[in-house]
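Engineer: Could you look at this predicted model? Sequence included:
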Amino acid sequence: MIKDPCTLEDYIESLTKLGQNRNWNTALKLFYSMRSKQIEPSLDAYRLAVFACCRGKNTEDASSLLSELKVLGYTPTIAIFNILIKGLAREKKTKEVDKLLDEMRTYGWYPWDKITYRSLIVGFARGRNFDVAFRYKAEMEAADMTGDVNMYTVLLETLVKNGLLKEAVKIEREVKGHAFEIYGALERALRKLKEAKEKDEKSVNG
């Protein structure tokens, strides 16, 4: 149970716990209730609310929250931009992503760091926009940055799910080249790829 928050710190703690429990709608309701107790949301509270919106596939409200915090005089953090970028990319809202990237330039956040690149790649992969995902992956690698376990796991999962085994095998080779520790979600993704390859070979061989 989440206790009834009374202070800003209480709200941050409750929003964090609700996010950890993937209770996005309740988190947003809690965020919007802050002013009823005369508590002004902090930048961290906005970050958690934007995260909840995006994970709940409600990027319109997330974008509104970004606009709202700027009107209030807050300077958005790069973390908030990355969260929203990933959410918009997942919903294939390429134009909105481009606008955010342009805005990030005005804050001096260019060239992109590896977290922004990973957000773009993971978001577009989850949105099945693989051409764009791989374009950003190539840009990231050209800038001498590498993906992390989560990025590779998402690429494997989404490629296999969409029947793009040739591309998934290439990612598998990269995973082995990086010598990641194979466990958890990455292990499951590799197992799914193995099963898909075996099924594909059986169908070819009749």
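Structural biologist: In hand now; what should we look at? No experiment lies behind these values; they were computed from the predicted model shown.
Engineer: And the helices in the chain?
Structural biologist: Listed in chain order, the helices of the chain (DSSP state H) span residues 8-20, 24-32, 43-55, 59-71, 78-90, 94-106, 114-126, 130-142, 149-161, 165-178, 184-205.
Engineer: Any chance of the ones you listed in a markdown table with mean neighbour count and mean pLDDT as columns?
Structural biologist: Every C-beta, even on glycine, is put in place using the N, C-alpha and C of the backbone. Output for the helices of the chain, formatted as a markdown table (neighbours: other CB atoms under 10 Å; pLDDT from 0 to 100):
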| stretch | mean neighbour count | mean pLDDT |
| --- | --- | --- |
| helix 8-20 | 17 | 92 |
| helix 24-32 | 18 | 92 |
| helix 43-55 | 22 | 95 |
| helix 59-71 | 17 | 95 |
| helix 78-90 | 23 | 96 |
| helix 94-106 | 14 | 95 |
| helix 114-126 | 23 | 97 |
| helix 130-142 | 16 | 97 |
| helix 149-161 | 21 | 97 |
| helix 165-178 | 16 | 95 |
| helix 184-205 | 13 | 91 |
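Engineer: So what's the residue count around K37?
Structural biologist: K37 is surrounded by 13 other residues when neighbours are defined as other CB atoms under 10 Å.
Engineer: Next, work out how far apart it and L30 are.
Structural biologist: Separation of K37 from L30 (CB to CB, to the nearest Å) stands at 11 Å.
Engineer: again, but for L120
Structural biologist: Where L30 is concerned, L120 sits at a distance of 29 Å (CB to CB).
Engineer: cool, R173 as well?
Structural biologist: 45 Å.
Engineer: Can you give me the separation between the residue nearest the centre of the chain and D144?
Structural biologist: Per CA atoms, centre = their mean, the C-alpha nearest to the average position across the chain is that of K86, at 4.0 Å. In this structure, K86 lies at 22 Å from D144, with CB to CB as the measure.
Engineer: same question, F180
Structural biologist: Taking CB to CB as the criterion, F180 is separated from D144 by 19 Å.
Engineer: got it, and V160?
Structural biologist: Distance, V160 to D144, using CB to CB: 28 Å.
Engineer: Can you give the contact residues for stretch 93-105?
Structural biologist: Counting contacts by CB atoms under 8 Å, 6 or more residues apart in numbering, the residues outside stretch 93-105 that touch it are 59, 63, 78, 81, 84-85, 88-89, 110, 112, 116, 120, 123, 129, 132.
Engineer: Let's see that with 7 Å instead.
Structural biologist: Stretch 93-105 is contacted by residues 59, 81, 84-85, 88-89, 110, 132 when judged by CB atoms under 7 Å, 6 or more residues apart in numbering.
Engineer: Kindly report the same for stretch 126-135.
Structural biologist: Defining contact as CB under 7 Å, 6+ apart, one finds that stretch 126-135 is touched by 89-92, 94, 121, 124-125, 154, 158, 162, 164.
Engineer: Quick one: end-to-end distance for stretch 26-38.
Structural biologist: The stretch stretch 26-38 measures 19 Å between its terminal residues, going by CA to CA, to the nearest Å.
Engineer: Not counting it itself, show me its contacts.
Structural biologist: By CB under 7 Å, 6+ apart, the surrounding residues in contact with stretch 26-38 are 11, 14-15, 18-19, 41, 45, 48-49, 52-53.
Engineer: try 8 Å
Structural biologist: Taking CB under 8 Å, 6+ apart as the criterion, the residues outside stretch 26-38 that touch it are 2, 5-6, 8, 11, 14-15, 18-19, 40-41, 45, 48-49, 52-53, 56, 58, 61.
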